[in-house]
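1. Show me how the following folds:
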Amino acid sequence: MTASPPARTVFVGTPAFLGRIDGVTRCAFWTTEPVEHDFDPARLISVDLARAPSAAVAEEISWADVDVDDCFSAPDGDTGGSTLGPAWPELRLTGAVYLATAFIDRLPPSLRPTPASTGFTGAEYECQSVVYWPGTPDPRAGNRYAGHCAEILEQRGTLARVAVFPPGRSTDPATSPVTMWLDLASPEHCDAGPASLTTIGGPVTRGPLFLIAGRVPSPSTTNGSTE
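-> Sure, this is the predicted structure:
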């Protein structure tokens, strides 16, 4: 019997240049510098930034209707996720938008962002995040992970000392990776489990490592309740 795919939403990050405001959370953006194509309106991607995991947790939308990731604190302490929009937390004209892969698949092929089309120099997984839906038996349920390129320097069972590169800079010889120990089998450290997006370990010493990047807001936090 084939195992069911994990209940999760995978996001792909892209540069974003605000091109049109349609509402408090609805806007349209370009994925490349607009002066390069003379502000071509045909290249705008329309999105509602409110259709995010926080809205699904609050039961305002279903998880299947999530189109973008929230803004979150990345493992290195920087801001991750979507940082563009009419109200994040104030008007931002440039930033990033992390689009759900299902949303990207619905776009016309000419509008689908890829690392090559947006000028990103790393592998696609280096600009990805994933949220495992809360309320499932999966040990990763409610967790968010951010993709990095990593290299195993030493491994003792499932424990590994890894060199983690900043997203998009894994091929830059001037980049100094961050070294850390982690448990490749622990969902508290990385995306560990069935159909994991993390592939390093054992004979695979370099590749995707999806590090824990916090949890999605709990329903009580989202709804403003402290109970």
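2. tell me the domain ranges of the chain?
-> Here the domain parsing of the chain from automatic domain parsing is 8-124, 145-215.
3. TSV for those, including mean pLDDT?
-> Output for those, formatted as TSV (pLDDT from 0 to 100):
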stretch	mean pLDDT
domain 8-124	88
domain 145-215	92
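4. Next, format the ones you listed as CSV and append distance to Val131 and mean neighbour count.
-> Just so you know, the C-beta spots here come from the backbone N, C-alpha and C atoms, and that holds for glycine as well. Listed next are the domains of the chain as CSV, based on distance: least, C-beta to C-beta, whole Å; neighbours: other C-beta atoms under 10 Å:
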stretch, distance to Val131, mean neighbour count
domain 8-124, 5, 17
domain 145-215, 8, 17
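5. between the ones you listed, which gets nearest to Tyr132?
-> Minimum separation from Tyr132 across the domains of the chain (C-beta to C-beta) falls at domain 8-124, 4.6 Å.
6. Span of the closest one from start to end?
-> End-to-end distance of domain 8-124: 18 Å, with C-alpha to C-alpha, to the nearest Å as the criterion.
7. beta partners of the residue most central in space within the chain?
-> With distances taken as C-alpha atoms, centre = their mean, Ser129 lies nearest the centre of the chain, 2.2 Å away. Beta-bridge pairing for Ser129 (DSSP bridges): Phe11, Ala146.
8. which residues sit in contact with it?
-> By C-beta atoms under 8 Å, 6 or more residues apart in numbering, the contact set of Ser129 is 10-11, 13, 69, 72, 80-81, 98, 144-147, 213.
9. any idea which of the residues you listed is closest to Thr32?
-> Taking C-beta to C-beta as the measure, Thr32 lies nearest Gly13 of the contacts of Ser129, at 14.0 Å.
10. Please name the spatially closest residue to Thr32 (chain neighbours excluded).
-> Distance criterion C-beta to C-beta, 6 or more residues apart in numbering; nearest residue to Thr32, sequence neighbours excluded, is Thr118 at 6.1 Å.
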